[in-house]
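Novice: Sharing a model prediction with you, sequence too.
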Amino acid sequence: MSGSSFRYETIARELSDAIRQGTYPPGSRMPSVRQICRQYEVSLGTALLAFRVLEHAGLLSARPKSGFYVQSQTFAETDGEPVPSRPPPEPTPVTGGRLTFSVLSTFRDPKLLRLGTTATPSEDLLPLKALGRILSGVARRDYSATATYGDPAGHLGLRAQIARRIAEAGCYCSPDEIVITSGCQESTVLSLSAVAQAGDTIAIESPTFYGILHAIETLGMRALEVPTHPREGVDLDALETLIQQQVIKACVLMPSCQNPLGASMSTQNKRRLMALLAEANIPLIEDDALGELTFTRPRPKAAKAFDETGNALYCGSFSKTLGPGYRLGWIVPGRHWESVVYLKAVTNVHAPILSQVMLAEFLGGGGYTRCINRAVRLYQQRAGVMRQWIRDFFPIGTRVTNPECGFLLWVELPSEINGVELYRRSLTKGIGIAPGIIFSPTDSYIHHIRLSCAGIADAVEAQQAVQIVGRIAKDMLE
Ligand SMILES: Cc1ncc(COP(=O)(O)O)c(C=O)c1O
């Protein structure tokens, strides 16, 4: 099983595949627990656990003194990934920002168990102490740097470090081509402001990160949702058709680690995307905030790597790898450099200087790669474990993504279950989940929720929380 290190999960997965393929048809008796022990060379306890997992998932039922039997419902219903989206092919005004903001504000309760609230990285996987030590050194040594205004494009030392990092994503540029921002959210707003105006249509993935919707809404633009596959990312055939039918002013996409889907486009598709947009002269705003968290190392190329016209604005951030509180991100704006630097300067002059100096020093020290590699390994494991819990505890018919990056899981619930109601009821139990509706300007994701495995360092507590949400979901079916 992808992303999991437990033997029982592998066995459960292989048996469920066999059920799906019809090796064990509905109503038939499964091999005995002892047969499975022999076949996989595992203990009785491990084999039994695998059967229990399948029983929880509603695939098997135990009959006393007789063994486990295949249920009449098929696994395809419970195990599938969410179906690719099919949003309306028309641009729509974005109006849900206030609602999303009020949902997000409920997540500020410190007692809340965060199971998918904001896409916050796991605290135990951030190098907080090392950064703190550097920060106090910088504050003692470089405090006079705060006495004057700096370059709106940002601290050159940090830009040099970013240029090195993004070369790993195939984006080769000089430090002079980079603008430091106060995080990727600002990068998106500045980029959109640089290439489009109020009333323009912006193509986005469906579902998409709510921060992108906020940016489009506050700038008075319209969103055009493009069908998006839960693993492969935006549907390029659909995008090509929409480009022919609509006047699209820009695209804001997450080609490498999509929030909330965890989808990543193939290198081939990124190349095709860039060719398509170059031909139509449409700028791409590439949100790569989560791009460093791809499970395969070295990380795949960004779409910007295939930008031959300078029309892509490549946006990134340290929020998911070093901590959102530093509020540092960047843009490589290509041919939109002048506009972006101007907008940055008139918005807030430049990013805070001491945190820029501090991050430059940390990145120069070489600990960053080690820290990301460790985080990625653990996120992969946690995503595998959490998927299994969802299968164990959520109702039959639930679908969940199998991400190849990041720490987010997108869950499609059976159509009888309203994701907002599940969010509300979970909140009363002290558990925060993100309702699917905040990821779209239309009502497309009423039956969805987003979960995050970032905060499941305490596995027992997290498992109980998933179990509680699953039970609430099952109750809602009755
Ligand atoms: C895809 C994506 N883009 C942008 C952001 C905003 O990042 P930042 O904290 O750097 O502003 C987030 C934060 O969750 C995100 O998930």
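Specialist: Thanks, I have the structure now.
Novice: alpha carbons only for contacts and neighbour counts from here, please
Specialist: Will do.
Novice: Which secondary structure elements does the one helix or strand residue 467 maps to sit against?
Specialist: Take DSSP states H and E as the rule and residue 467 turns out to sit in helix 459-477. Judged by 3 or more C-alpha pairs under 8 Å, 6 or more residues apart in numbering; DSSP states H and E, helix 459-477 is in contact with helix 367-393, helix 419-428.
Novice: any idea how far the residue of the chain positioned farthest from its centre lies from residue 32?
Specialist: Relative to the centre of the chain, and counting by C-alpha atoms, centre = their mean, the farthest-placed residue is residue 65 at 45.4 Å. Distance of residue 65 to residue 32, computed by C-alpha to C-alpha, to the nearest Å: 11 Å.
Novice: and of the helices and strands packed on helix 459-477, who's closest to the ligand?
Specialist: Within these, the stretch nearest the ligand is helix 367-393; the backing value is 15.1 Å (C-alpha to the nearest ligand atom).
Novice: for the helix or strand that that closest one is followed by, what is the average pLDDT?
Specialist: Counting by DSSP H and E, the next helix or strand C-terminal to helix 367-393 is strand 399-400. Strand 399-400 shows a mean pLDDT of 94.
Novice: partner strands of the helix or strand following strand 399-400, parallel or antiparallel?
Specialist: Stepping forward along the backbone from strand 399-400, the first helix or strand reached (DSSP H and E) is strand 408-412. Strand 408-412 has the following strand partners under DSSP bridges: strand 399-400 (antiparallel), strand 448-452 (antiparallel).
Novice: Quickly compare those and say which is most buried.
Specialist: strand 448-452 (a mean of 28; mean count of other C-alpha atoms under 10 Å).
Novice: Taking helix 459-477 as reference, get the angle to that strand.
Specialist: Put simply, strand 448-452 runs at 170 degrees to helix 459-477, going by axes from the mean of the first three to the mean of the last three C-alpha atoms, to 10 degrees.
Novice: Confidence-wise, which helix or strand of this structure is lowest on average?
Specialist: helix 75-79 (a mean of 45; mean pLDDT, DSSP states H and E).
Novice: Correct me if wrong: residue 199 contacts residue 221.
Specialist: Yes. Between residue 199 and residue 221 there is a contact at 4.6 Å, judged by C-alpha atoms under 8 Å.
Novice: Of the strands paired with strand 408-412, which is nearest the ligand?
Specialist: Taking these one by one with C-alpha to the nearest ligand atom, strand 448-452 is closest: 11.3 Å.
Novice: how far does that closest one sit from the chain's center?
Specialist: 10 Å (C-alpha atoms, centre = their mean, to the nearest Å).
Novice: does the ligand sit close to that strand?
Specialist: No. If you take C-alpha under 6 Å from any ligand atom as the test, strand 448-452 misses the ligand, and the best it gets is 11.3 Å.
Novice: Quick one: mean pLDDT for that strand?
Specialist: Averaging pLDDT along strand 448-452 yields 96.
Novice: which outside residues touch that strand?
Specialist: Contacts to strand 448-452, defined as C-alpha atoms under 8 Å, 6 or more residues apart in numbering, come from residues 114-117, 119, 260, 407-413, 418-419, 423, 433-437.
Novice: when you check the ligand, which of these turn up near it?
Specialist: Answer for these near the ligand (C-alpha under 6 Å from any ligand atom): residue 119.
Novice: Compare residue 199 and residue 221 (neighbour count), which wins?
Specialist: A direct count of neighbours by other C-alpha atoms under 10 Å for residue 199 and residue 221 places residue 221 higher, at 24 against 14.
Novice: Would you check that that one makes contact with residue 198?
Specialist: Yes. The criterion here is C-alpha under 8 Å, and residue 221 meets it with residue 198 at 4.7 Å.
Novice: Can you flag the buried ones in the contacts of strand 448-452?
Specialist: Among these, the ones that count as buried by 16 or more other C-alpha atoms under 10 Å are 114-117, 119, 260, 407-413, 418-419, 423, 433-437.
Novice: Could you pick out the residues of the stretch 251-400 of the chain near the ligand for me?
Specialist: 259, 287, 289-290, 317, 319, 324, 329.
Novice: Just list the residues touching residue 414, thanks.
Specialist: So residue 414 contacts 395-398, 447 (C-alpha under 8 Å, 6+ apart).
Novice: swap the cut-off to 10 Å and go again
Specialist: 77-78, 394-399, 447-448, 473-474, 477 (C-alpha atoms under 10 Å, 6 or more residues apart in numbering).
Novice: Please identify, among those, the one with the most neighbours.
Specialist: residue 448 (28 neighbours).
Novice: Would you check how far apart that one and residue 381 are?
Specialist: On the measure of C-alpha to C-alpha, residue 448 and residue 381 end up 23 Å apart.
Novice: and if you look at residue 291?
Specialist: 18 Å.
Novice: Same question for residue 203.
Specialist: Residue 203 is 33 Å from residue 381, by C-alpha to C-alpha.
Novice: And these two? Which one has more around it.
Specialist: Taking other C-alpha under 10 Å, residue 203 and residue 381 do not tie; residue 203 has more neighbours (24 against 18).
Novice: tell me the SS of the closest residue to residue 349 other than its chain neighbours?
Specialist: Distances taken as C-alpha to C-alpha, 6 or more residues apart in numbering put residue 152 closest to residue 349, at 5.5 Å, once the chain neighbours are dropped. Here residue 152 is recorded as coil under DSSP: H, G, I helix; E, B strand; the rest coil.
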